[in-house]
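what would the 3D arrangement of this be:
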Amino acid sequence: MVPLSALWLPIVLSAVIVFVASSIMHMVLTYHRSNYGRLPDEDKVLDTLRAAGLQRGLYMFPFCTMKEMKSPAAMEKYKRGPVGSLTVLPLGPPAMPKFLGLWFVYCLLVGFFVAYLTGHTVPVGAHYPAVFRVAGTAAFLAYGLGVLPNAVWKGQTWSMTIKEVIDGLVYALLTAGTFGWLWPR
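Take a look at the predicted model:
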């Protein structure tokens, strides 16, 4: 067993590397630009939503309970559409420093659990491939597979989800490489 105290450097460095890589992937590369679309007649839709007094939160439409879902009225609403979900954020421009800070904390958290799992399954002095395999699998579970429920339950397009899974694979490989490189000998 490798103690977590011996793995602080790969935890922190893998978080930094993933943070930088994700910044490059989202700001420099262009494949994420098609993830979101503009609402048709956006100003009118926003005026309507504003008048409804929406507060921060998650909304489903049309809304109904499980009991109401099979009712003729609910079925008609589903047929007429639109059907979807809406996330309402706090007022104001996106708080990018806050979001980036939370993303970095998430990267540290993933690194911590990768270290925990790898430290309990791979001995001190293990060869790079053994460390890479365990650390990469653990990191991919967090970065890559964690996004799949968004396509299953939240209506996110599969094309966007696949891009996020590919991003997660890159982050997992970077994390695995960092742990393999800095594994205690």
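
which residues touch stretch 101-109?
Residues from elsewhere that reach stretch 101-109 (CB atoms under 8 Å, 6 or more residues apart in numbering): 11-12, 14-16, 18-19, 22, 171. (C-beta placed from N, C-alpha, C; glycine too.)

helices or strands next to the helix or strand that contains residue 173 in the packing?
Using DSSP states H and E, residue 173 maps to helix 158-182. Judged by 3 or more CB pairs under 8 Å, 6 or more residues apart in numbering; DSSP states H and E, the packing partners of helix 158-182 are helix 8-27, helix 96-121, helix 128-143, helix 148-153.

quick check: the residue sitting furthest away from the middle of the chain vs residue 29, distance?
Distance from the C-alpha centroid of the chain peaks at residue 72, with 36.9 Å (CA atoms, centre = their mean). The gap separating residue 72 from residue 29 is 48 Å, by CB to CB, to the nearest Å.

how near is the residue positioned nearest the centre of the chain to residue 81?
Of all residues in the chain, the one closest to the mean position by CA atoms, centre = their mean is residue 147, 5.4 Å from it. Between residue 147 and residue 81 the distance is 26 Å, computed by CB to CB.

so residue 85 sits in a strand?
Yes - judged by DSSP: H, G, I helix; E, B strand; the rest coil, residue 85 forms part of a strand.

surely it meets residue 154?
Yes - in this structure, residue 85 is within contact of residue 154 by CB atoms under 8 Å, at 5.9 Å.

quick check: domain ranges of the chain?
Using automatic domain parsing, the domains assigned to the chain come out as 4-35+94-182, 42-88.

deepest of these, which one?
For the domains of the chain, the largest average neighbour count (mean count of other CB atoms under 10 Å) is found in domain 4-35+94-182, namely a mean of 17.

how far does that one sit from its chain's centre?
If you compare the mean C-alpha spot of domain 4-35+94-182 with that of the full chain, they lie 10 Å apart, counting by CA atoms, centre = their mean, to the nearest Å.

next, the distance between the ends of stretch 27-39.
The first residue of stretch 27-39 is 23 Å away from its last residue (CA to CA, to the nearest Å).

from the chain's centre, how far out does that stretch sit?
On the basis of CA atoms, centre = their mean, stretch 27-39 sits 16 Å off its chain's mean C-alpha point.

touching that stretch from outside, list them.
With contacts defined as CB under 8 Å, 6+ apart, stretch 27-39 is touched by 25-26, 45-46, 159-160, 163.

okay if I get these as CSV plus pLDDT and distance to residue 57?
Shown next, in CSV, are these (pLDDT from 0 to 100; distance: CB to CB, whole Å):
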residue, pLDDT, distance to residue 57
25, 95, 29
26, 93, 26
45, 94, 18
46, 94, 17
159, 95, 27
160, 96, 22
163, 97, 26
